[in-house]
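**Q** Predicted coordinates and the sequence they were generated for:
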Amino acid sequence: SFGDAEAEQAVRQNDRQYVFHSWSAQGAIDPLPVAKGEGVRFWDYAGTEYLDFSSQLVNLNLGHQHPGLVQAIQEQAGRLATIQPAVANDVRGELAKRIVEHSFTGARSVFFTNGGADANEYAVRMARQHTGRQKVLARYRSYHGSTATAITMTGEPRRWANGVIDANVVHFEGPYAYRSAFHAESPEQETERALAHLERTIQFEGPETIAAIVLETVTGTNGVLVPPPGYLPGVRELCDRHGILLICDEVMVGFGRIGEWFAYQAFDVRPDLVTFAKGVNSGYVPIGGVVISEDIHRTFEQRPFPGGLTYSGHPLACATGVATFDIFEREGILERVRDLGSRVVEPRLAEMAAKHPSIGEYRGRGLFWALDLVKDRETREPLIPFNASGEAAAPFTAVVNACKAAGLWPFAAGNRLQIAPPLIISEADLVTGLDIIDAALDVADGYTTG
Ligand code: PLP
């Protein structure tokens, strides 16, 4: 409980003594002991309150301790806490049915995994088995998870120290109009030139060697990059022309983040495989999965699928997934995400951009936005260099610290403040968070030179 210094000390001590943390030099970290979470907030042991604009790791779509999710776990635990994957189970089947019914035309079945990375592993394995081809094309500025093929597909610095684990992964650049790799001067040009670049990559790699193109429908951690009009349909067209499968990684943006069940539904594109995790049950119990098209499903109708997991379709996780569908419908989550995004967030960011020279560009959709912070608006030089840390990242760290000091837990990535609160956030809390960011940007403005 709050103010219990002894309890805090014990948590800290066990953590530092025994817990090995992700992505970190173990001797260089001091993780915040968290005492409690409720809705869009969490608290440390001193009672310091944080408004969570990051939804933890962009997974907590329904917030902490949602009564519907807690109840689903309690009821399922009382009924049947676990059962192995080779049997049929009621909540597992119900969740698969709901997901397929809310998916693309031609979606047939769901393979459940433990999280997002292994969902991508299995999607690629299915694509390779189905096509008999080995290569996969993935984009720079992407994160697909930390397991073998997923980390190799990842197109950003977290891959570097891992080397190349899967030799059959090739990277290409996607559209990013604000920092165009193609010298484009309009979204139309960006689409056209990004597609031409992808087509050249396919030609050089050998179309008949490529099993799949894997992409985040809306790029998440690497910048909230919303595809420009025509890009995803263009990728689909290239896939169709060459017998290549399209895998949409919806681990971060599926289940309401941009105001759709799945983000591809906003961009007029039909995938062959879709990976999901995080928002499917807000991470209350680990789960991810792959939505599989009829065509690919049929490949494994007679021939066994060579893969599986002990916890595939875990009942506690599936029960919270089913409850998530009920809650989304009951609380009108998709509608409120669209409304809050367009009515509250977007105009407010436009207002901020007009007064803060440190905002190079703001972009996003629904409750998923990024502020691309710059040192100089003219040159678009980022506020801190690519992959900066320590002293070189100081201007950005100062902004993040200003947010935290004012009670906001931001989603910070590279030179970007990203906005990804739980989808249940009230309008008042959303405005409070935006007020805090607005004030913190004064700190960023102090580093601009333009
Ligand atoms: N794909 C995307 C787009 C993600 O954002 C993430 C996690 O952040 C993953 C895959 C990996 O998911 P997990 O951490 O559950 O393995």
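**A** Cool, got the structure.
**Q** mind listing what the closest residue to the ligand within the stretch 1-150 of the chain touches?
**A** Among the residues of the stretch 1-150 of the chain, Gly116 lies nearest to the ligand; the distance is 2.3 Å by CB to the nearest ligand atom. Placement of C-beta: from N, CA and C, glycine included. Applying CB atoms under 8 Å, 6 or more residues apart in numbering to Gly116 gives the contacts 144-145, 150, 249, 251-252, 275-278, 288.
**Q** Can you convert the residues you listed into JSON lines and add a column each for distance to Glu329, secondary structure and neighbour count?
**A** As requested, the contacts of Gly116 are exported to JSON lines (distance: CB to CB, whole Å; DSSP: H, G, I helix; E, B strand; the rest coil; neighbours: other CB atoms under 10 Å):
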{"residue": "His144", "distance to Glu329": "30", "secondary structure": "coil", "neighbour count": "31"}
{"residue": "Gly145", "distance to Glu329": "29", "secondary structure": "coil", "neighbour count": "23"}
{"residue": "Ala150", "distance to Glu329": "31", "secondary structure": "helix", "neighbour count": "29"}
{"residue": "Asp249", "distance to Glu329": "25", "secondary structure": "strand", "neighbour count": "33"}
{"residue": "Val251", "distance to Glu329": "22", "secondary structure": "coil", "neighbour count": "29"}
{"residue": "Met252", "distance to Glu329": "22", "secondary structure": "coil", "neighbour count": "28"}
{"residue": "Thr275", "distance to Glu329": "23", "secondary structure": "strand", "neighbour count": "31"}
{"residue": "Phe276", "distance to Glu329": "18", "secondary structure": "strand", "neighbour count": "29"}
{"residue": "Ala277", "distance to Glu329": "21", "secondary structure": "coil", "neighbour count": "27"}
{"residue": "Lys278", "distance to Glu329": "19", "secondary structure": "helix", "neighbour count": "26"}
{"residue": "Gly288", "distance to Glu329": "22", "secondary structure": "strand", "neighbour count": "25"}
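**Q** ok, and of those, which contact the ligand?
**A** Restricting these to those touching the ligand (CB under 6 Å from any ligand atom) yields 144-145, 249, 251-252, 277, 288.
**Q** pLDDT on stretch 66-73, on average?
**A** For stretch 66-73, the mean pLDDT works out to 98.
**Q** Kindly report the same for stretch 394-407.
**A** Stretch 394-407 carries an average pLDDT of 98.
**Q** swap in stretch 421-431?
**A** 98.
**Q** Quick check: end-to-end length of it?
**A** Start-to-end span of stretch 421-431 (CA to CA, to the nearest Å) is 11 Å.
**Q** same check, this time on stretch 333-346
**A** 18 Å.
**Q** buried stuff in that stretch?
**A** By neighbour count on 16 or more other CB atoms under 10 Å, the buried set for stretch 333-346 is 333-334, 336-338, 340-341, 344-346.
**Q** what about that stretch, average pLDDT?
**A** Across stretch 333-346, the average pLDDT comes to 98.
**Q** With stretch 130-138 instead?
**A** 98.
**Q** and for it, what are the contacting residues?
**A** Contacts for stretch 130-138 (CB under 8 Å, 6+ apart): 124, 127-128, 144, 149, 153-155, 168-172, 198, 201-202, 205-206, 208-215, 243-245, 247, 295-296, 299.
**Q** again, but for stretch 72-91
**A** By CB under 8 Å, 6+ apart, stretch 72-91 touches 112, 284-285, 308-316, 318-323.
**Q** I'd like to know which of the residues you listed are buried.
**A** Buried residues within the contacts of stretch 72-91, counting neighbours by 16+ other CB under 10 Å: 112, 284-285, 311-316, 318-323.
**Q** Among these, name the ones in helices.
**A** Among those, the ones falling in helices (DSSP state H) are 315-316, 318-323.
**Q** Report the contact partners of Leu215.
**A** Neighbouring residues of Leu215 by CB under 8 Å, 6+ apart: 138-139, 142, 174, 235, 246-249.
**Q** among those, which are in strands?
**A** Among the contacts of Leu215, the residues falling in strands (DSSP state E) are 138-139, 246-249.
**Q** what's the strand or helix carrying Lys404 in contact with?
**A** Counting by DSSP states H and E, the element that carries Lys404 is helix 394-405. Contacts with helix 394-405, where a contact means CB under 8 Å, 6+ apart, come from 50, 53, 373, 375, 383-384, 388, 409-410, 412, 415, 417, 436-437, 439-441, 443-444, 447.
**Q** tell me which residues in stretch 79-93 are buried?
**A** 85, 89, 91-92.
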